[in-house]
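Q: can you look at this prediction? I've put the sequence above it.
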Amino acid sequence: MNIRSLTRGDGVVIGAAVLLLIASFLDIYSIDGAPDSADIPSLWGSGSVVLGVVLAGVIGAALVVVNRAMPQPRKVAGLDLGQFGIAFTVFAAWCALGNIFDPAGAFDNDGGASGIGAGMGLILALVATLVMAAAAVATPLLPALKGTLIPAARPAAPQPYGGQPQGGYGYPGAQQQPYGGQPGQPGQPGPSFGGQPQPGQPQPGQPQPGQPQAPQQAQAQPAGDFSPFWFAVPVPRPLFAEDGSPTPIAELAPGTWYLAVEQRGANLVAQTQDGRRGVLQDSSGIQRG
């Protein structure tokens, strides 16, 4: 499970589930004229409220969150766990609404339960289940709720893919010594005054004596202006093999940084943290590091 794949909508669902649990310990009834010392049961005193509101809402929230955190959605009877969770949250909100209108149930049919209304526990349970169901249904639809709940930390500036580490004095790409400065390695002759090389010292860019000259192809820069960069995906996305097979080789999860090493048209060739490379066909909305 990857908690970094949770979205803002999942955070709303978790908060609503916590509010529902708090409401379950509050009064289920509000009785007119009852003293403050009256012993009024909580939501746990009604079996129908516990099963239809409290447990249904908590189970639905758990299914939605667990399904989002799993690498691959689990399916039961052709439906994934997230869809079952959404159904549970909607059912809990519907039951809570019914108990608000008729908290005493069948006891008030003959007028024997007059003056009984919905208590603070039922009112908060209705608010919690409505928010929970709305967030569970709207998360796949609203971009504002699709954002990651836990933002990924930005990585350190990466070394270009395939690049060479910075070397000492005279290494290709290394910074030159300041005017009059001493070379970094002892025993090597430094440049003479004015920056002119000493006699017998090879000119910059010329091969050392006895050193084979690098092939022309190795010295040429890659075509195009693409530079490797780190990126993170907003939602889980599949990574396909470079040979074009339709079966994904991995899934990129939100909250994790991946390295884009090549661009092929509208697709990106990405490298995972375990070294696997594949093609990301949907690069919309990615966050660059």
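A: Received, thanks.

Q: so where's the stretch 51-200 of the chain shaky on pLDDT?
A: Counting by pLDDT under 70, the stretch 51-200 of the chain contains low-confidence ranges at 73, 105-114, 151-200.

Q: ranges for the helices of it?
A: Assigned helices in the stretch 51-200 of the chain, in chain order: 56-69, 81-101, 120-138, 143-146 (criterion: DSSP state H, counting those that start in this stretch).

Q: using TSV, please lay out these together with mean neighbour count and distance to residue 284.
A: (C-beta placed from N, C-alpha, C; glycine too.) Conversion of the helices of the stretch 51-200 of the chain to TSV gives the following (neighbours: other CB atoms under 10 Å; distance: least, CB to CB, whole Å):
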stretch	mean neighbour count	distance to residue 284
helix 56-69	22	20
helix 81-101	20	22
helix 120-138	22	20
helix 143-146	14	11
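
Q: contacts only, for the closest residue to residue 144 other than its chain neighbours.
A: With CB to CB, 6 or more residues apart in numbering as the criterion, residue 144 has its nearest non-adjacent residue at 7.0 Å, and that residue is residue 8. With contact taken as CB atoms under 8 Å, 6 or more residues apart in numbering, residue 8 is in contact with 139, 144, 145, 146, 147, 148, 149.

Q: surely residue 263 touches residue 226?
A: Yes. Under the criterion of CB atoms under 8 Å, residue 263 lies in contact with residue 226, with a separation of 4.9 Å.

Q: confirm residue 263 sits in a strand?
A: Yes. Secondary structure of residue 263 (DSSP: H, G, I helix; E, B strand; the rest coil): part of a strand.

Q: that one pairs with what?
A: Beta bridges link residue 263 to residue 268, judged by DSSP bridges.

Q: quick check: it vs residue 289, distance?
A: Computed with CB to CB, to the nearest Å, the distance linking residue 263 and residue 289 is 16 Å.

Q: neighbour-wise, which of those two wins?
A: Neighbours per residue, other CB atoms under 10 Å: of residue 263 and residue 289, the larger number sits with residue 289, 18 against 15.

Q: wouldn't the more buried one be in contact with residue 232 here?
A: Yes. Judged on CB under 8 Å, residue 289 makes contact with residue 232 at a distance of 7.1 Å.

Q: need the overlap of contacts for those two.
A: Shared contacts of residue 289 and residue 232, counting by CB under 8 Å, 6+ apart, come down to residue 257.

Q: contact partners of stretch 241-250?
A: The contact list for stretch 241-250, computed with CB under 8 Å, 6+ apart, reads 238, 239, 240, 269, 272, 276, 277, 278, 279.

Q: from the residues you listed, which land in strands?
A: When the contacts of stretch 241-250 are checked against strands using DSSP state E, the ones located there are 238, 239, 240, 269, 277, 278, 279.

Q: surely the third one meets residue 282?
A: What that stands for is residue 240. No. With the criterion set as CB under 8 Å, residue 240 and residue 282 do not qualify as a contacting pair; they are 10.4 Å apart.

Q: of the helices of the stretch 51-200 of the chain, give the one that comes closest to residue 21.
A: Taking CB to CB as the measure, the helices of the stretch 51-200 of the chain were each checked against residue 21, and helix 56-69 came out nearest at 6.8 Å.
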